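**Q** output the structure for:
(chains A and B)
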Amino acid sequence: MKLSRRAFLTSAGVAGAAATGLVSLPRAARARPVADGMLAMLVDTTRCVGCRACEAACSEANRLPSPAKLGEESVFETTRTTDARSYTVVNRRRQPSNGRAATFAKTQCMHCVDPACVSACLVNALDKLPEGPVVYRADRCIGCRYCMVACPFEIPKFEYDRPLPLIRKCTFCTHRLREGKLPACAEVCPSGALQFGKRRELLEVAKTRIYQNPNRYVHHVYGEHEVGGTSWLYLTDVPFEQLGFRMDLGTTAYPELTWTFLSAVPFVLTLWPPFLMGLYAFTRSRERAAGEPEQETRHE
Amino acid sequence: MNETVAGRVLRRSWVREKLLLGLSPGEYARRLATPFNVVAGLILLVGLPAIVYRFAFGLGAATNLSQTNPWGLWIGVDVLSGVALAAGGYTLASAVYLFGLKQYYPVLRAAVLTGFLGYFFVVVGLLVDLGQPWRIPYPVIYAYGVTSVMFLVAWHVFLYLSVQFLEFCPAILEWLGWKTVRQWATRLTIGATVFGVILSTLHQSALGALFLLAPTKLHPLWYSPFIPIYFFVSSVIAGLAMVIVESALSHRIFTEQIEPGRHADLDRITLGLGKAASVVLFTYFFLKLIGVADGGHWGLLRTPLGHWFLVELGVFVLLPCFLFAHGVRERRVTLVRATAALTVIGIVLNRVNVSLIAFNWNVPDRYVPGFMEVAITITIVTLGLLTFRWIVNRMPVLREHAEYRGAH
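**A** All right, here's what the predicted structure looks like:
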């Protein structure tokens, strides 16, 4: 392997430029989102009466089968999770510490400010719109299910019963927002438990409620800082754990967890070739010193 | 007219020489009736319909995967373990071409072939597992999720499959007798090797980095910011161990391909590889300890999963490390081979631990693979073995082609 100076400089230059380009691609894609102006939802669980109108409206707006056991008390006997055919579910916790008979909490995609699923998706099928919603483009999903592994809230759901399945999850009613309508759940909520608006404003609303009723609310807005912030914010008057919220998720945005590794990639791409070629050159010169035939002659 | 007859004769003899091992079709068919083939046939008889069933009725019907356990046996064994065990290709190629350890050349081609087929059947396994399998080229040609570790894995598996094909090309071209092209392909070997090592460093570690996004799901003893390093270092171990196992089996099964005297060579090679494996295992053991110390997880070692972690580390890392060292010192080749088999099991166990056993460890809905998942995994391994045999029987992999003796 003889390399002219020109060929060496060319290939080294190309490799260096390629590595630089490779840094800037993900770096540009990793621009930190600005959360303040994002569309968001405030869920005040102290106001939720467990009517499940949001479930029914969601199913209608997203053309899903209507929720099971609508209007039946027995549905609350088990804790339910969202699935490929129901993007939101309301669960009941009995005998909460607030003195009421029951407390209800709605579950759906949290529409993280800097979502794990979006950073996990290798084809950008999941994407965070600058306006706030985390959307799914089914026409490019390959069905690898890494988003399901990555999501700390276990929200993306897979259509296991279909031969060629896709991911399903809450859409934040993006199609309705484009028509200037509210998300279906917020529009239909009769008790004022759901409030739609800009994230910054909703945070102010949430904190005002806490300040004005310091003995009622838990002094924490779930979603303000969890996993780097979410577009769905929660208020409660019982400890969040009792409502099934995970309190161990931390405040680091999940994409940061793989960012260190991805940042190292261009360094490996830049450092390995000269190191390995140097090793090769060293080996060959040692062979030559030992009087062995050169690599070229071995190639015939 | 004479020409067409001549052409047909020529064609028939080409088929006979290249594909039927110089036998007539009848003789060839009779030679296929071996116990191994009967077993392989039975496996395929169960497994291939199972694959059809999966595509007809969906992953829900064919597997025990669930919303909480989206990755199962196919990802844990076929993909994660498959890629690790295919690391022999880059490990041996760097030893021979970059470190100049020419004495390992006799096992290099088989290692590269194992690597290539390993990756090829990883992709086959992935096709069964993916929801929309025909979209598998999307990350390469259509949609670029550049912030995804999986994107890196996809590109690297694609590029590395090509590189390994290139590395194996000389054997195919010798078989076909295309001398000029072979010479041209051989010149690319060093470049391909360097490129292959870079790609392997990155995607072996990237498979570990996938799990960095699951800090609340993967047990703290396995979740570590160093998990990419663990996956990379253990892939070197897997590569070395697999070459020992594969070469031992090949020498036993393809005896007619091995020239007399080569068996003694293989013993020396085996001891050398065992020595290397021992050193890397020792390093890996301490890297794993550093992870426990860094996370401050010593207390977790007293829990049930902590005991399981100690089994993985003690029985499948430290024990083979000492057995390799002892076997090499006492020149006990059989012990080194058995230890290599133990090490291979250990690597698979580690990948299964990370993706299945220690994953979702705190969730009541535990995943256990279903019958069809196991059947399809065994089928894919069987297909790999059959392809390996088909190629070794025809191309100069274990033997040297008479016209290219000493030319490497």
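
**Q** pull the contacting residues for residue 257.
**A** No chain specified, so I'll use chain A. By CB atoms under 8 Å, 6 or more residues apart in numbering or on different chains, the contact set of A:L257 is B:212-213, B:215. Glycine gets a C-beta too; all of them are placed from N, C-alpha and C.

**Q** I was thinking of chain B, sorry if that wasn't clear
**A** Residues in contact with B:Q257, defined by CB under 8 Å, 6+ apart, are B:392-393, B:398-399.

**Q** what are the buried residues along the helix or strand A:S263 falls within?
**A** For A:S263, the enclosing helix or strand under DSSP states H and E is helix A:255-289. Buried positions in helix A:255-289, judged by neighbour count with 16 or more other CB atoms under 10 Å in any protein chain shown: A:255, A:257-259, A:261-262, A:265-266, A:268-270, A:272-273, A:276-277, A:279-280, A:283-284.

**Q** closest residue of chain B to chain A?
**A** B:G131 (1.9 Å; CB to the nearest CB).

**Q** how close does that residue sit to A:R137?
**A** 14 Å (CB to CB, to the nearest Å).

**Q** gap between B:T334 and A:P156?
**A** Noted for B:T334: a distance of 50 Å to A:P156, by CB to CB.

**Q** tell me which of the two has more neighbours.
**A** A:P156 (29 against 11; other CB atoms under 10 Å in any protein chain shown).

**Q** quick one: contacts for the more buried one?
**A** A:117, A:126, A:136, A:145, A:147-148, A:167-169.

**Q** buried among these? Need that as a selection in PyMOL.
**A** Buried residues among the contacts of A:P156 (16+ other CB under 10 Å), as a PyMOL selection:
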select buried, chain A and resi 117+126+136+145+147+148+167+168+169
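
**Q** pLDDT, distance to B:G295 and secondary structure added to the contacts of A:P156, as CSV?
**A** Listed next are the contacts of A:P156 as CSV, based on pLDDT from 0 to 100; distance: CB to CB, whole Å; DSSP: H, G, I helix; E, B strand; the rest coil:
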residue, pLDDT, distance to B:G295, secondary structure
A:C117, 96, 25, helix
A:L126, 96, 30, strand
A:Y136, 96, 34, strand
A:R145, 96, 27, coil
A:C147, 96, 26, helix
A:M148, 97, 25, helix
A:I167, 96, 32, strand
A:R168, 96, 35, strand
A:K169, 96, 32, coil
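
**Q** export the contacts of A:P156 to a markdown table and tack on distance to chain B?
**A** Output for the contacts of A:P156, formatted as a markdown table (distance: CB to the nearest CB, whole Å):
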| residue | distance to chain B |
| --- | --- |
| A:C117 | 9 |
| A:L126 | 9 |
| A:Y136 | 13 |
| A:R145 | 4 |
| A:C147 | 9 |
| A:M148 | 4 |
| A:I167 | 8 |
| A:R168 | 10 |
| A:K169 | 11 |
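
**Q** next, A:R140: phi, psi?
**A** The phi and psi values for A:R140, taken as degrees, to the nearest 10, are phi -120, psi 0.

**Q** my guess is B:G327 is in a strand, correct?
**A** No: secondary structure of B:G327 (DSSP: H, G, I helix; E, B strand; the rest coil): helix, not part of a strand.

**Q** gap between it and B:D267?
**A** B:G327 is 11 Å from B:D267, by CB to CB.

**Q** SS state for the closest residue to chain B within the stretch 101-250 of chain A?
**A** For the stretch 101-250 of chain A, the residue closest to chain B is A:G143, as judged by CB to the nearest CB, at 1.9 Å. Following three-state DSSP, A:G143 is assigned to coil.

**Q** and it, what does it touch?
**A** A:158, A:164-167, B:130-133, B:135.

**Q** repeat the analysis, applying 6 Å as the threshold.
**A** Counting by CB atoms under 6 Å, 6 or more residues apart in numbering or on different chains, A:G143 makes contact with B:130-132.

**Q** just these now: which is nearest A:G244?
**A** B:G131 (28.1 Å; CB to CB).

**Q** and the closest one, how many residues sit next to it?
**A** Neighbours of B:G131 using other CB under 10 Å come to 21.

**Q** secondary structure class for it?
**A** Per three-state DSSP, B:G131 ends up coil.

**Q** for it, phi and psi?
**A** According to degrees, to the nearest 10, B:G131 has phi -70, psi -40.

**Q** contacting residues around it?
**A** If you count contacts by CB under 6 Å, 6+ apart, then B:G131 has A:143, A:165 around it.

**Q** count the residues that sit near the closest residue to B:S94 other than its chain neighbours.
**A** Distances taken as CB to CB, 6 or more residues apart in numbering or on different chains put B:V197 closest to B:S94, at 5.2 Å, once the chain neighbours are dropped. If you count neighbours by other CB under 10 Å, B:V197 ends up with 22.

**Q** how many residues are close by A:P65?
**A** By other CB under 10 Å, the residues close to A:P65 number 8.

**Q** so what's the residue count around the spatially closest residue to it that is not a sequence neighbour?
**A** In this structure, A:P65 finds its nearest non-sequential neighbour in A:R85, 5.6 Å apart by CB to CB, 6+ apart. Neighbour count of A:R85, defined by other CB under 10 Å: 16.

**Q** return the distance of A:R85 relative to chain B.
**A** When distance is defined by CB to the nearest CB, to the nearest Å, A:R85 is 12 Å away from chain B.

**Q** state the pLDDT value of A:A40.
**A** What the model reports for A:A40 is a pLDDT of 96.

**Q** hang on, I meant B:V5
**A** pLDDT, B:V5: 60.

**Q** what about whichever helix in chain B runs longest, distance to the chain center?
**A** The residue-count maximum for a helix in chain B (DSSP state H) belongs to helix B:262-295. How far helix B:262-295 lies from its chain's middle: 18 Å, per CA atoms, centre = their mean, to the nearest Å.

**Q** per-residue pLDDT, residue 14?
**A** No chain in the question, so chain A it is. The model reports A:V14 with a pLDDT of 76.

**Q** wait, chain B
**A** The model reports B:W14 with a pLDDT of 73.

**Q** next one: B:V194
**A** For B:V194, pLDDT reads 87.

**Q** could you count how many residues lie near it?
**A** 23.

**Q** list the contacts of it.
**A** B:V194 neighbours (CB under 6 Å, 6+ apart): A:L276.

**Q** and the helix or strand where it lies, how far out from the chain middle?
**A** Assigning secondary structure by DSSP H and E places B:V194 in helix B:189-209. Relative to the centre of its chain, helix B:189-209 is centred 14 Å away, using CA atoms, centre = their mean.

**Q** with only the CA atoms kept, save that helix in CSV.
**A** Provided in CSV are the C-alpha atoms of helix B:189-209 (Å, rounded to 0.1, in the frame of the first residue of the first chain):
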residue,chain,number,x,y,z
THR,B,189,-7.9,-5.4,2.2
ILE,B,190,-6.0,-2.9,4.5
GLY,B,191,-8.5,-0.1,3.8
ALA,B,192,-11.4,-2.4,4.4
THR,B,193,-9.9,-3.7,7.6
VAL,B,194,-9.3,-0.2,9.0
PHE,B,195,-12.8,0.9,8.0
GLY,B,196,-14.2,-2.3,9.5
VAL,B,197,-12.5,-1.7,12.9
ILE,B,198,-13.8,1.8,13.0
LEU,B,199,-17.3,0.7,12.2
SER,B,200,-17.2,-2.1,14.7
THR,B,201,-15.9,0.0,17.5
LEU,B,202,-18.8,2.4,17.0
HIS,B,203,-21.7,0.0,16.4
GLN,B,204,-20.7,-2.6,19.0
SER,B,205,-20.6,0.1,21.6
ALA,B,206,-23.7,1.8,20.1
LEU,B,207,-25.7,-1.4,20.8
GLY,B,208,-24.9,-0.8,24.4
ALA,B,209,-25.6,2.9,24.1
